[in-house]
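Student: next comes the sequence, and after it the predicted model I'd like to discuss.
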Amino acid sequence: MSDNNYPNTEEHGKKLKNLGNEEDVDFCEERLDIKKLLKIRGKKKKKLYGKRVDSTTQKGKYVKSRVANDMKNDIAIDATLRAAAMSSEGTINVKSEDLRHKVRKHGAKASIALVVDISGSMFSERKAERVKDILINVIDDAGHKGDKISVVGFKGKEAAVIIPTTKRATSFKDHVDNISIGGTTPLASGMKKGFEILKKEKFRDEYIPMMLILTDGMPNVAVEESPAKDALNIAGELKDNEIHTIVVNFERAVKYGRDINMELAVASGGRYYDLEDLKNPGCAVSMILENERKVI
């Protein structure tokens, strides 16, 4: 962990045990219409989530075979024997050129880069509780759905990876409790680091890249030009690279902050949710992810 994070406390540890329980989620779902909090809908996209894609691991349904180009272990025995039989006379002899590998497919999942504002632009103790509530809910949600997730926190002069890209984010929950709030707001730095993570995921073409930005829209640290301009420039790159982007305001923000968040959503071709009046934004963000899976 970087020096941007502070030691765990017993008080926060007790709070985390009570976050994201089923009763809270049920209460949230009964009372909340998440679609009413969606203020900018973005451009309609081709539905990809759940579509069958080639698996790069030995998981997924075996659908066909192909000529082996390496010595990996996922050998298609049936196809290999058929190829060997066709080139053999009498006794079947399997040669290297007869080897066939299994082609597996699975339903496409999301790779979510959660870029979260952990600066001190809001009251630190209250914001810390809300951030941790959100992260615990998102981690649990991604785990249940089989999505990959990475968490990038930004404060001070730059951003830091709190949780690296993983399908087992629940094993990193202790990292969430080590998060501390404070410092300036380098929004562009956080978006840039999240973008770098998702570009790699897009290149692999197995998971649908999604950036979830949680901020009050009050950047005050520049990367190249100005704090707001830099963030908008990166938002444009997200749009150019067809990375599904969701901007969420989860704190009570001034009009300038809301305006910047909306501009980010428009510049990225993404969507904007406003949660500033909610007491429990954690389960709301989980509901946002469920809603977004229906449109990506």
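Tutor: Yep, that arrived.
Student: what's the spacing between stretch 275-287 and its chain's center?
Tutor: Distance, stretch centre to chain centre, for stretch 275-287: 17 Å (C-alpha atoms, centre = their mean, to the nearest Å).
Student: give me the buried positions along that stretch.
Tutor: Leu275, Leu278, Asn280, Pro281, Gly282, Cys283, Ala284, Val285, Ser286, Met287 (16 or more other C-beta atoms under 10 Å). No exception for glycine: its C-beta is placed from N, CA and C like everyone else's.
Student: inside helices: which ones of those?
Tutor: Counting by DSSP state H, the part of those found in helices is Pro281, Gly282, Cys283, Ala284, Val285, Ser286, Met287.
Student: between the buried residues of stretch 275-287, which is closest to Val115?
Tutor: Set against Val115, the nearest of those by C-beta to C-beta is Val285 (12.7 Å).
Student: which residue comes closest to that closest one once chain neighbours are left out?
Tutor: Ile134 (5.0 Å; C-beta to C-beta, 6 or more residues apart in numbering).
Student: cool, and Arg252?
Tutor: Nearest one to Arg252, counting by C-beta to C-beta, 6+ apart, is Glu276 at 4.8 Å.
Student: wait, that neighbour sits on Phe250?
Tutor: Yes: using C-beta atoms under 8 Å, Glu276 is in contact with Phe250, at 7.1 Å.
Student: related to what we said a few turns ago, which strand or helix spans the residue nearest to Val285?
Tutor: helix 124-145 (DSSP states H and E).
Student: so which elements touch that helix?
Tutor: Secondary-structure packing of helix 124-145 (3 or more C-beta pairs under 8 Å, 6 or more residues apart in numbering; DSSP states H and E): helix 10-17, strand 109-117, strand 148-155, helix 173-177, strand 207-214, helix 281-293.
Student: ramachandran angles for Thr80?
Tutor: Backbone torsions for Thr80, taken as degrees, to the nearest 10, come to phi -60, psi -40.
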